[in-house]
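Trainee: Show me the folded form of this:
(chains A and B)
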Amino acid sequence: MTQAELLERLPSILPAGALRSSDVVRGQAVADLERTLMRDALAALRDHPDVRLEMLSDLTAVDYLGRVPRFEVVYQLYSIARNHRLRVKVAVPEEDPVVSSVSSLWKSAIWAERETWDMFGIRFTGHPDLRRILMYPEFEGYPLRKDYPLLRRQPLVAERDPLERPWFPRP
Amino acid sequence: MTPQRFVEAEPTSEVMALQMGPSHPASHGTVKFNLRLDGETIIDVDVEIGYLHRGFEKMCEQGTWNHVFPYADRLNYASPLLNNVGFALAVEKLAGLTAPERAQYIRVIGGEISRITDHLTCLGMAANELGAISAGFYMLEAREFLYDLVEAICGARLTVTYCRLGGVMTDLPADMTERTRVALKHVRDILGDCDRLLSRNRIFVDRMVGIGKLPSADAVSWGLTGPLLRATGVPYDVRKAEPYLVYDRMDFEIPTGTTGDNYDRFMVRFAEMEQSMRIIDQALAQLPPGPILADDPRFVLPPKEQVYTTIEGLMNHFKLVMEGQKVPAGEVYVATEGGNGELGFYLVSDGSGRPYRVRVRPPCFYGMAALGDMLRGHMIADIITTFGQINMIGGECDH
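Mentor: Numbers count the residues shown, from 1 in each chain, chains lettered A, B, ... in the order given. Predicted coordinates:
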């Protein structure tokens, strides 16, 4: 199945109203899904015998600061049986950054959603264990958001300025 | 050996909580295991990563597209060339740029050399951790021959920064075929020795067989790729499934396992090294003459003679260095076969000279996610072999 044929099949596979738009971008199929229906839609994509996207290769988010809605959660799906890919995107508004978790559909989402929460502050409802994963629990803010200051430092142990307090006594 | 099952209701059992790591002498890589133990049997394990998090994705957004290449090297530092090639392919797809044929062959050769060094690192350490120190050092010796090749190609052993948008930095040395022939002969000899030392070694086999098993359906659900997935019998290899560069012209096989335990992972990696060497031989035999950089002034720096003698060349050089390559706005996800599995780059460009978003899909991140499932019911000592076979590379896992 080519990427265009895959997109033609989508409206008959997905629940009604779930598909907002779809397009082939640089030879890659992309589908925008409605946030409220995305979990059912992704379950259909995983289980439908013609599509069988049984692997969630990757899950991440992009922060389009200044755009409404601000965030986009991106799912890279792959079918080993059919050898095709589909990219699914879900728009997430800034004031309510919540998406349904797909960790019960694909186990790879468990850590990937933790990382997206850690880096972007997008919450995944129904996730069994939504903790920070790369940063430490005391960390404030979400580092991959575009408005997180690049040079902000949050050391757990106070940093030592070697000019003020040298490691070795100066002669 | 069937692992003991812990029964929570049993009055004589007492659960012990043990924190292993983050810097444990038996685990290479900085990672912490929060264990719940019944005697030596693992009831539950919570894997904590992130100790090597350096903000790769945030850093990439600060510089030009070319500035990402050195960072990409430092993702999986056991196979830096593969990361370089993966990132270059992703940006080229976004820019609609194709590297000349010779550059594609060179990328295949460099990438496959890196794949062997990656597997040698993993397997050598695996042998080392089980007490087969000689076999471990033999493999590191084999790796030295390959690092010498990498050094001959690009002048660095580890921090290569070899790829450029639209091609590679320099051409292969004139005596590359001869050098490779000598190096691969040494590597094949050493691998033969290691095969005899390990594959049927009683201690080694007992510690590897049946440990860390994962059925193929679970492996797919966990997003495992590369040797971890192929060990369960699923022949998924990006080089075959979606051939990139010139892999469709190469004759090679995808080794697979059957049970998905540590021994299968070991043997899959071992067999893959031979296939990589076959690819290198074929690529060197087919290597066509020609340029190594695409002729596209929007993305490729002009030759130095033009920069120093013509105003157009100087301006072009200045614009590319100061403002960066203006990659057209859009997004792309490109998967390549890295040392540990599917190495994907998801890139978003807003049309300026800087990446808007660079997301790397680190294959061993998903392997580490599945580690808890693999270890439940096994012994503490099995952590070391299973963790070793996942081949967690801190730079890639924690990006």
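
Trainee: what's the single longest helix in the chain?
Mentor: All of this is about chain A. For chain A, the helix that runs over the most residues, judged by DSSP state H, is helix A:108-120.

Trainee: actually chain B
Mentor: From DSSP H, the single longest helix across chain B is helix B:101-129.

Trainee: Report the rounded mean pLDDT for it.
Mentor: Mean per-residue pLDDT for helix B:101-129: 90.

Trainee: Look up how far B:Leu343 lies from the residue nearest to A:Met135 when sequence neighbours are not counted.
Mentor: Among residues not flanking A:Met135 along the chain, A:Asp118 sits closest, at 5.5 Å (Cβ to Cβ, 6 or more residues apart in numbering or on different chains). C-beta here means a position set from N, CA and C on the backbone, and glycine is covered the same way. Distance of A:Asp118 to B:Leu343, given as Cβ to Cβ, to the nearest Å: 21 Å.

Trainee: higher neighbour count, these two?
Mentor: Legend: neighbour count by other Cβ atoms under 10 Å in any protein chain shown for A:Asp118 and B:Leu343, higher for B:Leu343 (30 against 22).

Trainee: Going by secondary structure, B:Gly223 is in what exactly?
Mentor: Assigned by DSSP states H and E, B:Gly223 falls within no helix or strand.

Trainee: again, but for B:Val360
Mentor: Assigned by DSSP H and E, B:Val360 belongs to strand B:355-361.

Trainee: what element comes up after that strand heading to the C-terminus?
Mentor: Next along from strand B:355-361, by DSSP H and E: helix B:363-375.

Trainee: Give me the helices and strands touching the next helix or strand after that following helix, please.
Mentor: Remark: after helix B:363-375, the chain's next helix or strand is helix B:380-390, criterion DSSP H and E. Packing partners of helix B:380-390 (3 or more Cβ pairs under 8 Å, 6 or more residues apart in numbering or on different chains; DSSP states H and E): strand B:32-38, strand B:41-48, helix B:101-129, helix B:202-208, helix B:262-286, helix B:363-375.

Trainee: pLDDT score assigned to the closest residue to B:Leu165 other than its chain neighbours?
Mentor: Of all residues not flanking B:Leu165 in the chain, B:Phe299 sits nearest, at 4.6 Å (Cβ to Cβ, 6+ apart). pLDDT recorded at B:Phe299 is 88.

Trainee: so B:Phe299, which of the three states?
Mentor: Assigned with DSSP: H, G, I helix; E, B strand; the rest coil, B:Phe299 falls in the coil class.

Trainee: Quick check, it in contact with B:Leu97.
Mentor: Yes - with contact defined as Cβ atoms under 8 Å, B:Phe299 reaches B:Leu97; the gap is 5.7 Å.

Trainee: what is in contact with those two at once?
Mentor: Taking Cβ atoms under 8 Å, 6 or more residues apart in numbering or on different chains as the criterion, B:Phe299 and B:Leu97 both touch B:165-166.

Trainee: more neighbours, those two?
Mentor: Neighbours per residue, other Cβ under 10 Å: of B:Phe299 and B:Leu97, the larger number sits with B:Phe299, 23 against 19.

Trainee: what separates that one from chain A, distance-wise?
Mentor: From B:Phe299 over to chain A the distance is 16 Å, taken as Cβ to the nearest Cβ, to the nearest Å.

Trainee: Could you list the residues of chain A in contact with chain B?
Mentor: Counting by Cβ under 8 Å from any Cβ of the partner chain, the residues of chain A close to chain B are A:25-26, A:28, A:54-58, A:60, A:62-63, A:74, A:76, A:78, A:80, A:83, A:85, A:87, A:106-108, A:110-112, A:115, A:119, A:132-136, A:143-144, A:150.

Trainee: So the one residue in chain B that gets nearest to chain A versus A:Met55, what's the distance?
Mentor: The minimum distance from chain B to chain A, using Cβ to the nearest Cβ, falls at B:Gly223 (3.0 Å). Separation of B:Gly223 from A:Met55 (Cβ to Cβ): 6 Å.

Trainee: Which of these two has more residues huddled nearby?
Mentor: Between B:Gly223 and A:Met55, counted using other Cβ under 10 Å, the more crowded position is B:Gly223 (31 against 28).

Trainee: Which strand or helix spans the residue sitting nearest the centre point of chain A?
Mentor: Geometric centre of chain A, nearest residue: A:Thr60, 2.7 Å, by Cα atoms, centre = their mean. Element membership for A:Thr60, per DSSP H and E: strand A:55-63.

Trainee: can you tell me the average pLDDT over that strand?
Mentor: On average, the pLDDT along strand A:55-63 is 91.

Trainee: any idea which helix or strand comes after that strand?
Mentor: Downstream of strand A:55-63, the first helix or strand assigned by DSSP H and E is strand A:71-79.

Trainee: what does that next one rub up against?
Mentor: Strand A:71-79 is contacted from outside by A:42, A:45-46, A:51-64, A:84-94, A:97, A:99, A:102, A:116, A:120, A:122, B:333, B:335, B:344, B:346, B:359, B:361, using Cβ under 8 Å, 6+ apart.

Trainee: between the helix or strand following that strand and strand A:71-79, how many degrees?
Mentor: Downstream of strand A:71-79, the next assigned helix or strand under DSSP H and E is strand A:84-92. Going by axes from the mean of the first three to the mean of the last three Cα atoms, to 10 degrees, strand A:84-92 is angled at 160 degrees with respect to strand A:71-79.

Trainee: In the next helix or strand after strand A:84-92, which of the residues would be classed as buried?
Mentor: Next along the chain after strand A:84-92, taking DSSP H and E as the criterion, comes strand A:98-100. Buried residues in strand A:98-100, counted by 16 or more other Cβ atoms under 10 Å in any protein chain shown: A:99-100.

Trainee: picking up where we left off before, mind checking the helices and strands packed on helix B:380-390 for the one nearest to B:Lys304?
Mentor: helix B:101-129 (18.6 Å; Cβ to Cβ).

Trainee: just the helices in the stretch 201-350 of chain B please.
Mentor: Assigned by DSSP state H, counting those that start in this stretch, the helices in the stretch 201-350 of chain B fall at B:202-208, B:216-221, B:227-230, B:238-241, B:262-286, B:304-309, B:311-323.

Trainee: Quick one: residues contacting B:Gly167.
Mentor: By Cβ under 8 Å, 6+ apart, the contact list for B:Gly167 reads B:99-100, B:103, B:291-294, B:300.

Trainee: again with B:Ile384
Mentor: B:26-27, B:129.

Trainee: same thing with A:Leu86?
Mentor: A:6, A:29-31, A:45, A:51, A:53, A:77.

Trainee: can you do 10 Å?
Mentor: If you count contacts by Cβ atoms under 10 Å, 6 or more residues apart in numbering or on different chains, A:Leu86 has them with A:3, A:6-7, A:10, A:22, A:28-31, A:45, A:51, A:53, A:75-79.

Trainee: Can you tell me which of these are buried?
Mentor: Buried, going by 16+ other Cβ under 10 Å: A:3, A:6-7, A:10, A:22, A:28-31, A:45, A:51, A:53, A:75-79, out of the contacts of A:Leu86.

Trainee: starting at the chain centroid, how far to stretch B:377-390?
Mentor: Per Cα atoms, centre = their mean, to the nearest Å, the displacement of stretch B:377-390 from the mean C-alpha position of its chain is 20 Å.

Trainee: per-residue pLDDT, the residue lying closest to B:Gln275 once chain neighbours are set aside?
Mentor: Leaving aside its chain neighbours, B:Gln275 sits nearest to B:Phe252 (4.5 Å; criterion: Cβ to Cβ, 6+ apart). B:Phe252 is assigned 89 on the pLDDT scale.

Trainee: Enumerate every residue touching B:Phe252.
Mentor: So B:Phe252 contacts B:112, B:237, B:239-240, B:272, B:274-279, B:282 (Cβ under 10 Å, 6+ apart).

Trainee: Can you list the low-confidence ranges for the chain?
Mentor: You didn't pick a chain, so chain A it is. A:166-171 (pLDDT under 70).

Trainee: Let me rephrase: I mean chain B.
Mentor: Using pLDDT under 70, the flagged stretches of chain B are B:1-13.
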